[in-house]
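Visitor: show me the folded form of this:
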Amino acid sequence: MDIRRLTPGYAVSPQIRPEDAATLKAQGFATVICNRPDAEVGPGQRAADIRRAVEAAGMTFVENPVVGGALTEANVAVQGSAIAASTGPVFAYCASGNRSSIVWALSQAGTVATDELIAAAGRHGYRLEPFRGQIEAAARARG
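Guide: Below is the predicted model of the structure:
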């Protein structure tokens with residue numbers, strides 16, 4: 001598992017397996033968000049499989065599938081609500097961590113400067129610069 005901490009309270013990674021739940025708990029995560037649609041993964045890695053392991057480890061699980069190229073306002077709202085409701089650090093995963101970074105940045109727009117959001121993701125290889133306009137528009141809408 002390749003955990004990439006974008007901030008002290010939010011990390012992303014590529015797809016995880018049920019057996020990774022114990023490691024996530026040991027690393028202090030309180031909430032796990034699945035941003036990967038079940039259609040992209042095989043048996044044993046679907047949201048229900050991960051949910052069982054995460055909840056058994058004592059963490060909150062949130063299913064928020066983000067379809068590549070079809071990110072919705074509902075995805076942004078669910079991500080933001082899950083982050084705000086979490087009692088501790090949040091871990092989100094998708095195929096590579098990119099979608100989890102994008103939906104995070106959009107959900108935090110207006111509370112964190114756009115340059116900071118883009119830089120945090122960029123330190124881990126996620127290019128959010130193409131989303132600058134959307135992040136700034138989201139910030140204006142909340143502001």
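Visitor: and the end-to-end length of stretch 83-101?
Guide: Taking Cα to Cα, to the nearest Å, stretch 83-101 runs 13 Å from one end to the other.
Visitor: what sits up against that stretch?
Guide: By Cβ atoms under 8 Å, 6 or more residues apart in numbering, the residues outside stretch 83-101 that reach it are 2-4, 6, 8-16, 24, 27-36, 40, 60, 66, 68, 71, 79, 82, 103-104, 107-108, 121, 124, 126, 128. Just so you know, the C-beta spots here come from the backbone N, C-alpha and C atoms, and that holds for glycine as well.
Visitor: mind naming the longest helix for this protein?
Guide: helix 73-85 (DSSP state H).
Visitor: and the next helix or strand past that helix?
Guide: As assigned by DSSP states H and E, the chain's next helix or strand after helix 73-85 is strand 90-93.
Visitor: hmm, back to that, now the contacts of stretch 83-101: which count as buried?
Guide: Among those, those buried by neighbour count (16 or more other Cβ atoms under 10 Å) are 3-4, 6, 10-16, 24, 29-36, 60, 66, 71, 79, 82, 103-104, 107-108, 121, 124, 126, 128.
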